[in-house]
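**Q** below are the sequence and a predicted model for it; my questions follow.
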Amino acid sequence: MSLILRYLRAYRREFLLGVACLVATNALSLWIPWLLKQAIEALRQGAVARTLTRYAFSIAAVACALAVVRTGSRLLILGASRRVVFDIRNDLFDHLLAVPASFYGRTRTGEIMSRAVNDLMLIRSLFGPGVLNVVDVSLRYGAGLLLMAVLDPVLTFAAVLPYPFLLLGVFRVSRTIHQRSNATQEQLAEISNKAQENLSGINMVKAFCREAEENAAWAAMTREYRDRSLALARSRGAIVTLMGGLGGLSSLIVLWLGGRHVIEGTLTLGGLVAFMSYLALLTGPTVMMGWVLGVFQRGLGAIRRVEEIRAETSDLPGDRVAAQPAPLTGGVEIRGLDFAYPDGRGPGRDVLRGITLAVPAGTTLGIVGPVGSGKSTLVGLLAAVRPVPGGTVFLDGRDLNDLPTGPLRAQVGIVPQETFLFSRTIAENIALGTPGAPRERIEAVARLAQITRDLPDFPQGLDTLVGERGVTLSGGQRQRVALARALLIDPRILILDDALSSVDADTEEAILAGLRDATRGRTTFVISHRVSAVLGADRIAVLEDGRIAEEGAPGDLLARDGPFARLRQRQQIERELEDL
Amino acid sequence: MSTARPEDEVLGKAYDARLARRLYEYVAPQSRLIALSLALMLTVMAAQLAQPYLIKVLIDDHILKHEARGLTALATLYLLVFAVEMAARYAQLYSMERTGQNVIQALRNRLFAHLQGLDSAFFDRHPVGRLMTRVTTDIESLADLFSSGVVSLLGDSLKLVAIVAILWWLDARLALVTFTLVPALFLLSVFYRGRIRGAYRDVRRRIARINGYLQEEISGMLLVQLFRREGEDRREFDAINRGHRDAELRSVVYESSFSAIIELIGTLATALILWYGGGRIVTGALTFGTLVAFIEYTGRFFGPIRDLSSFYAVMQAAMASLERIFSLLDTRPAIQDPAAAAPPLSPPAAAERGPRGLIEFDRVHFSYRPQEAGTEILHGVSFRVRPGEKVAVVGATGAGKTTLVKLLIRLYDPTEGAIRLDGVAIRELPLRALRRRIGMVLQDHFLISGTVAGNIAFGDLSLPAESIEEAARLVHADDFIRRFPAGYAESVRERGSNLSVGQKQLISFARALAYDPEILILDEATSSVDTETEILIQDALQRLLRGRTSLVIAHRLSTIVGADRILVLHHGRLIEEGTHRELLARRGAYARLYRLQFAPGEEPERSAAAPERSEAGFIPGPDPA
């Protein structure tokens, strides 16, 4: 509740004005049946046409005023709800920008998207129609019941007797509707997934003559979807029936009992007509109220889930270090580093064990090793992707944990193993870390990364859009864009994490040779699954199962007939096979 | 969050007789449900329209005459009418929804089955995402046609006509006066619907943009953070979010005023009736009951008019979807069963048992895009694989190896040349008969979500559990499968993401073995697995190939050396062919490669052992004819 109030407070002017409009709306909308009552009573007493005209004009005038204030109330309150959601969405995004990799490691993208999409919709309903209807219905109930009681207290009591049941019924059924509607959506998602799976594996389906089985599985899923849709339709139907049924029941009570009252003379005919109009004014809101209760319930749940994300904090020690310039020369030292990814409960299996390495500023370290040996984890830690134990990683002799994360990352250029390009232009992708970089510099790094030679393939050169709406880049092209991106930030430490795996071996060597000038003076880490790519490094470390299996200058390692030399030999042969 | 493609946004006319006729094929089986629904609708309407009249009788005959007798009977009648309305309405809503769901289920199943029959070239041309839109979104928009379309159109129109008739009957002059507001109501509704639809479309477009941006940012968050782009992206997101908010505020303006204006017109109608009708009461031309009934009927008049204005959009969207659905259904597969099915291959008599499966490629040319010059990737490839023979195909990536496989099971037809199986051109064979004889293990181990057992029994779900387990045991998959918490019933996630690469390979082997084909095609995986698994895979491979005609796209030298014959494919041409020994003697490309592997003094144990092992499983085929 306090959360709701906090957001309401930000737009209290809109909400309060909106409530004021609602008060006016209700006063006016209740006035109309009263005018009708008076008009009919006047008619009964043989009113002249002029009186009638006056009443008709009054009703028309009140109706016009009503239209204005009703529009106003909705504009103010619904508008404010949109603004609240805008704020929460911006706020949520700010938080997403600030939470560390560990959060993204344990939270699936779909889940975060569900917060940002579905939950914000629920919150919107809470602050928009939710707040609007709660206020509106309360006002209307208060005034409506009062007026009805003035007309005929006994009749009022009898007429609203079914209402609590209506309220409860709608609340219950609307909860069921919500569940069933989710169940239907889930089944539709299943159907989508099945279609995706089937269509992307259509060749295997054909090869194994599995068409009939696939059709049967599909038919079973669509039948389930049909059944769930029908269950949903039954609940929806129940609401309609419930609403009409109970509304009708109270109309009946009014007709039967109210008719008697008119005959007995305790109620006028005009009073009865007005009474029926008031009752009709209450039926809709009662149904609405049952629905709104559900909206509040779900909206509060959504707010709580969004708050959970907002409560996430960074686990990087560097994020708590007061910002201070940390110009690096780029010397890296690692002493007895053990590292494990947390796996839900606590630290998982060690991915790195007792790593000790010294990479003097300006030198190049090549890292090779099988898949899963910890290569990417190791270099990621240098860019403070995950927190490291204190006293294990040093940059220029200073503990990594004592360096502020932001300025540290500004000096580490990393080309990750899995290239990620944004749906922007190639130039914008290159300038990811340096928005507003001068064009010549972007072109210079594009040349260094050998993107320039592919430019004829792109309709607008470097300004070609990447992704679904633009061109699809090949794996090798993507990797070279990522490389240019890292070069553009002019880092002291450059990390190439198997960054050229998708280009062929010759091109990789050519690019690396071309980079030699660019990397001069930078501390460089080159991870590659190709031995040929790291032969130019000052030193080479072979990682196996989280440990350093072998380390030394390339020449020494080749002479030693250890893991590195064996790997080299195997790859030479593989390459011959490729070139055959 | 995919955004709608332009193609899917185009809306045409709201009614197309040709499309409607084709839809009728799917609607016809539901005719009894539809008839029921119509009958129920008429009941609802009659009950609804009777109510104001009952009120009129109540006022005129009882209240005004101070006649309490019969009041209870009238109230009971009202209750009855009311109960009938509610029951009929519930049943009507349900029967209509059921009709719609039955129709779309049938259409969806038909569409899916149709897709199963289309050829691979079709799938190359049409992205999966777009085809998925057909079976999901497009079909869904048809559901709207039924739930809020056809029948309610009919119902609303009937109701309008009935109300007009009743009002006319009650008092023609008052009715005329009341109807003066109808054009205004209708025009306003149409105007607002258009505006609101436009505004909502804008909102949807912008929310799709927000979601797309968010999705991308979340996926690439590590990069955003590593490259310290937070500030820039915060500004970008704020701008996109702001655009969405402003679109929302625009839609709120229409939304807020629409209901208020409709309400206003309703009240104006009441005022009008009061003014004009009241005057007629004074002159005695009208009773009080009629006046009240008039006000009640008018209230029921506005709903249908409002709904009618939304019907056009529903129809338009449904027709656009139907157009796309039927045009997909009209696509004929390029590869079909032969018109006159060749005489089914008689089951081999006991005498001629033994390996069958003579594969012949006869000057096969192929291009994935035959219309475009320079796209040919096989240039007249000829070779034969004799029954029981084990042939390895080697060559660089892009040499056309995988294409050979696709041609053999007729995922595509060659542009020139012929492929024959046991002397019969495969074009002449029923597809199922052809594919049933050929088992495949592809590099991309295609696993479907379901159970491990279901993945092994992929081609034949009726396979008994023992056969599944037997197949798994033979390829060494049984051990690890039994170690799963649920054993063979362990669920496999989409694309087998919860299994290791080695496990996936062995399950694929088991699948091929369970399929028990005469001919086995294997596209050897290049992905690396640990040594222990590698040994298991090697052994499983030997068992899999034993006794079958096999074509292996080989990447492991041990497999290559173990083959009976080796085809060296280079840029779509066969450049060398022969046994391992022959090719070595020829001192060509293959020989060079082999010598590299067995550099003096470096003879690795594993590879040296391979030829012997394969020779043990060698089954001599008949001499070439």
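**A** Received the coordinates, thanks.
**Q** did I read that right, A:Ala60 in a helix?
**A** Yes. A:Ala60: assigned to a helix according to DSSP: H, G, I helix; E, B strand; the rest coil.
**Q** is it in contact with B:Leu268, as I believe?
**A** Yes. Taking contacts as Cβ atoms under 8 Å, A:Ala60 lies within contact range of B:Leu268: 5.7 Å. For the C-beta atoms, the positions are set from N, CA and C on the backbone; glycine is no exception.
**Q** around chain A, pick out the residues from the stretch 251-400 of chain B.
**A** B:252-253, B:255-257, B:259-261, B:263-264, B:267-268, B:270-272, B:274-275, B:278-279, B:281-282, B:288, B:291-292, B:394-397 (Cβ under 8 Å from any Cβ of the partner chain).
**Q** could you rerun that using 7 Å?
**A** Residues of the stretch 251-400 of chain B found near chain A (Cβ under 7 Å from any Cβ of the partner chain) are B:252-253, B:256-257, B:260-261, B:263-264, B:267-268, B:270-271, B:274-275, B:278-279, B:281-282, B:288, B:292, B:394-396.
**Q** quick one: which of the residues you listed sit in strands?
**A** Counted as lying in strands by DSSP state E, out of those, are B:Val394.
**Q** per-domain residue ranges of chain A.
**A** A:326-410+A:521-580, A:412-490 (automatic domain parsing).
**Q** er, chain B actually
**A** B:1-171+B:312-333, B:172-285.
**Q** wait, is B:Glu577 part of a strand?
**A** Yes. Under three-state DSSP, B:Glu577 falls within a strand.
**Q** not counting its neighbours along the chain, what's nearest the residue in the stretch 101-250 of chain B positioned nearest to chain A?
**A** Here the stretch 101-250 of chain B gets closest to chain A at one residue, B:Phe227, 3.3 Å apart by Cβ to the nearest Cβ. Leaving aside its chain neighbours, B:Phe227 sits nearest to A:Gly433 (3.3 Å; criterion: Cβ to Cβ, 6 or more residues apart in numbering or on different chains).
**Q** what's around the closest residue to chain A within the stretch 351-500 of chain B, how many residues?
**A** Nearest residue of the stretch 351-500 of chain B to chain A (Cβ to the nearest Cβ) works out as B:Gly459 at 3.6 Å. When neighbours are counted by other Cβ atoms under 10 Å in any protein chain shown, B:Gly459 registers 23.
**Q** tell me the contacts of the residue lying closest to it once chain neighbours are set aside?
**A** Excluding the flanking residues, the one nearest B:Gly459 by Cβ to Cβ, 6+ apart is A:Phe208, at 3.6 Å. Listed by Cβ atoms under 7 Å, 6 or more residues apart in numbering or on different chains, the contact set of A:Phe208 reads B:Phe458, B:Gly459, B:Tyr515.
**Q** need the domains of chain A in TSV with mean neighbour count and mean pLDDT, can you?
**A** Converted to TSV, the domains of chain A look like this (neighbours: other Cβ atoms under 10 Å in any protein chain shown; pLDDT from 0 to 100):
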stretch	mean neighbour count	mean pLDDT
domain A:326-410+A:521-580	18	86
domain A:412-490	19	86
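**Q** could I get those as TSV with distance to A:Leu78?
**A** Compiled in TSV, the domains of chain A are given as follows (distance: least, Cβ to Cβ, whole Å):
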stretch	distance to A:Leu78
domain A:326-410+A:521-580	40
domain A:412-490	32
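**Q** work out for me the element the residue nearest to B:Phe227 sits within.
**A** Using DSSP states H and E, A:Gly433 sits in no helix or strand.
**Q** please apply the same query to B:Ile566.
**A** Counting by DSSP H and E, B:Ile566 is part of strand B:565-570.
**Q** so which elements touch that strand?
**A** strand B:390-394, strand B:573-578, helix B:589-597 (3 or more Cβ pairs under 7 Å, 6 or more residues apart in numbering or on different chains; DSSP states H and E).
**Q** of these, flag the one that's most buried.
**A** Ranked by mean neighbour count under mean count of other Cβ atoms under 10 Å in any protein chain shown, the helices and strands packed on strand B:565-570 are led by strand B:390-394, which reaches a mean of 25.
**Q** alpha carbons only: can I get that strand in PDB?
**A** Taking Å, rounded to 0.1, in the frame of the first residue of the first chain, the C-alpha atoms of strand B:390-394 are listed here in PDB:
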ATOM      1  CA  LYS B 390      30.900 -48.300 -46.500                       C
ATOM      2  CA  VAL B 391      31.900 -45.100 -48.400                       C
ATOM      3  CA  ALA B 392      33.400 -42.000 -46.900                       C
ATOM      4  CA  VAL B 393      33.100 -38.600 -48.500                       C
ATOM      5  CA  VAL B 394      35.800 -36.100 -47.600                       C
END
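**Q** done for today, thanks.
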